[in-house]
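Asks: Coordinates only, no sequence provided:
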């Protein structure tokens, strides 16, 4: 359903929310964000084995739960709300979707059951040092040597790339340009010739890595030279999921801002009684609700096979990017001086808002893409 | 007792319409038949020209009217607010005298609430009503009164006692507009239209039986009117389309619609005309400018998001779920969309944005957008009031301390009276 959730979906959401409230309080977030891998193996086991969240949108024949993007979107919205530190977006959203969109049936049979079970943590390496999110930015090459491919290049901003077991790599046939000659490959995390370096990220809850491929042997995923369409489909789903993750975080921030304003007393009254604060709070509610509407509609469109999907993906990503960042700025402001301290939790979401604003393309990039899709 | 199932209602309405509908009747004659049968206002009580149907079944009756092409009762303008208020608070005499002629469209009404000194703060009305002998005597001024120049009656909120707190010293009257003490002066707006009026009272009179309920109940009754206004606001924005069929009754109705819609003809421009943006950008060749493209995209994203948010609210309502915050945001979103649309139309029009009338793009439509959007964030509750409501009712933030409610109205600081 496009504009409302079913009773089952709402029940599912509350199960996920309760789980994350229990397993990912800010004390846990603060502990894990300081670590190198940035996840709690026990929580990962629970969310994959007990709740089956890593299997959510994988078809049952590949060991999955067989749900749709709407359910996946509910999970990531709740994870964004709880700021869960886990490689979920890398493995379940990015890598799984790429394999689903590009892989042959045999490859899906081989790769997906372990990912669905949470035993294999995968990621997707496509962006490079130039920071471009479109196919034209890919310079890494795949040279065919007999039945094998040799991968060379540098992949950057790879989500959980330093710790993933399996990496889906996007590379091009030497000499090809733009969307032509692109292929997906799979590479094991411990492959020879693969250098991995964790990047120092401003948002410590989202780990990024730089991967150097020097003659790494890659296994072709899907058809050679035909990655452009599955790539776009993967990025659309990823943008929709990120938009949903963002509105989850934005709503949590908005609620925390109002809760704080109700408690904080200045000039003999709660600051929430001042109109300047109320008007800001009303604007924040509007921003977040509008962005939620786009994120939910886009997720539903993905399940309905709507032709408008690419447009809606960019629309939802642009709307959520602006809303999350604006909400974060207002939330710091409403907290005043305390909101600028490390001890206050606001900065954790502020930084996630900033990294999400840029990841997969900023709002200006997605607005321009929307205009192109609409042939303006 | 017949059970009011949807199908029974449909069958009954269809049978009655098939037997009685005649497009060659006069508009008033036909509407009197609707009033007598109860099919004109089927959700009204049986005792007062209705059939006592639950609101949910009304669309079925409307479908039957549409199916056969039958004209309905008069539904536009303030008359519907008058009817709702009279049904809720009026005496039998009020109902007898006014309701039929409201439904037939013979009488036109206006709402006399806003004043120069009280816009957002309606309960601060200063128009005085004093009891002199067997008459209430009215002195003061109202403003923003749509259709006052052709209204037969007005719904009047006036102050009867300045020694009571502001909400308690008000009374609600039905005022006959055709009398020497009432002067209606059109109010010209910044966009050149004059959709509203100022109404001046100089010893205007109201007979005691046209005080609605008791002296002191004014605010309570005004709240009923305002609630219906808010509820109907969306319906008002929809354009009623006159039929182009040739029979007498359609021609009479088309004439009525044209008169009723006259004050609202610039309202689409007030909302920003987002529908024109992309076509205009292409025609003006501004679609190659990266800045304009970004601003167009921002506007279109906001408009789509607002549309989906309204649909989420409707879906929740249809499923009988409690309304979430998404239901309270439409008006505020419209303001922001209109403002962004004004900005985008200006970017697209470039130097042409300095022109108006025939020299302006689309024969003046663009110029009308540019000078009409400021109204949308004011009319029907300013953005600021809207945000207070959202913050206090939806987000449960505490009210600001007030200094005007617990003391006699005479001691409350007020605006200076206009010259």
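Replies: Cool, the structure landed. As the structure is a computational prediction, the values presented were derived from the model and not from experiment.

Asks: The nearest residue to residue A:148 once chain neighbours are set aside in helix, strand or coil?
Replies: In space, and not counting its chain neighbours, residue A:148 is closest to residue A:217: 5.7 Å by CB to CB, 6 or more residues apart in numbering or on different chains. Bear in mind the C-beta positions are built from the backbone N, C-alpha and C, glycine included. At residue A:217 the chain is in strand, as set by DSSP: H, G, I helix; E, B strand; the rest coil.

Asks: For residue A:217, give me its contacts.
Replies: Counting by CB atoms under 8 Å, 6 or more residues apart in numbering or on different chains, residue A:217 touches A:148-151, A:187, A:191-193.

Asks: try residue A:83
Replies: A:24, A:26, A:29, A:205, A:249, A:252, A:348-349, A:352.

Asks: filter those residues to the buried ones?
Replies: Neighbour-count burial (16 or more other CB atoms under 10 Å in any protein chain shown) applied to those gives A:24, A:29, A:205, A:249, A:252, A:348-349, A:352.

Asks: residue ranges of the strands in chain A, please?
Replies: Per DSSP state E, chain A carries strands over the ranges A:122-125, A:141-145, A:148-159, A:166-172, A:182-188, A:194-198, A:208-221, A:265-266, A:269-270.

Asks: and among those, the most buried is which?
Replies: The highest average neighbour count among the strands of chain A, using mean count of other CB atoms under 10 Å in any protein chain shown, belongs to strand A:122-125 at a mean of 28.

Asks: Do I have it right that residue A:278 meets residue B:394?
Replies: No - counting by CB atoms under 8 Å, residue A:278 does not reach residue B:394; the two are 10.7 Å apart.

Asks: can you list the domains in the chain?
Replies: I went with chain A, as the question did not name one. A:7-88+A:103-120, A:123-226, A:229-373 (automatic domain parsing).

Asks: meant chain B actually
Replies: B:6-74, B:79-237, B:266-380.

Asks: Nearest to chain A among those would be which one?
Replies: For those, distance to chain A was read as CB to the nearest CB. The smallest value, 3.5 Å, belongs to domain B:266-380.

Asks: Now do that closest one, average pLDDT.
Replies: The average pLDDT for domain B:266-380 rounds to 94.

Asks: Next, see if that domain gets close to chain A.
Replies: Yes - using CB under 8 Å from any CB of the partner chain, domain B:266-380 comes into contact with chain A via B:278, B:281-282, B:287, B:290, B:293-294, B:296-298, B:300-302, B:304-306, B:308-309, B:311-312, B:314-316, B:319, B:321, B:325-326, B:329, B:332-333, B:336.

Asks: Run the chain-centre distance for that domain.
Replies: 21 Å (CA atoms, centre = their mean, to the nearest Å).

Asks: tell me which of the contacts of residue A:217 is nearest to chain B?
Replies: The closest of those, once distances to chain B are taken by CB to the nearest CB, is residue A:151, at 35.5 Å.

Asks: how about low-confidence regions in chain A?
Replies: A:1 (pLDDT under 70).

Asks: Give me every residue in it lying close to chain B.
Replies: Checking chain A against chain B by CB under 8 Å from any CB, the hits are A:1-4, A:258, A:261-262, A:269-270, A:272-275, A:277-279, A:281-283, A:285-286, A:289-294, A:296-297, A:315, A:318-319, A:364, A:367-368, A:370-371, A:374, A:376.

Asks: Just the buried subset of those residues, please.
Replies: A:2-4, A:258, A:261-262, A:270, A:272-274, A:277-279, A:281-283, A:285-286, A:289-294, A:296-297, A:315, A:318-319, A:367-368, A:370-371, A:376.

Asks: For burial, what's the neighbour tally of residue B:137?
Replies: Burial of residue B:137 is recorded as 17 neighbouring residues (other CB atoms under 10 Å in any protein chain shown).

Asks: Sheet partners, orientation included, of the helix or strand harbouring it?
Replies: Following DSSP states H and E, one finds residue B:137 within strand B:135-143. Its sheet considered, strand B:135-143 pairs with strand B:128-132 (antiparallel), strand B:196-206 (antiparallel) by DSSP bridges.

Asks: So which of the residues of domain B:266-380 next to chain A belong to helices?
Replies: Counted as lying in helices by DSSP state H, out of the residues of domain B:266-380 next to chain A, are B:278, B:281-282, B:290, B:293-294, B:296-298, B:300-302, B:304-306, B:308-309, B:311-312, B:314-316, B:332-333, B:336.
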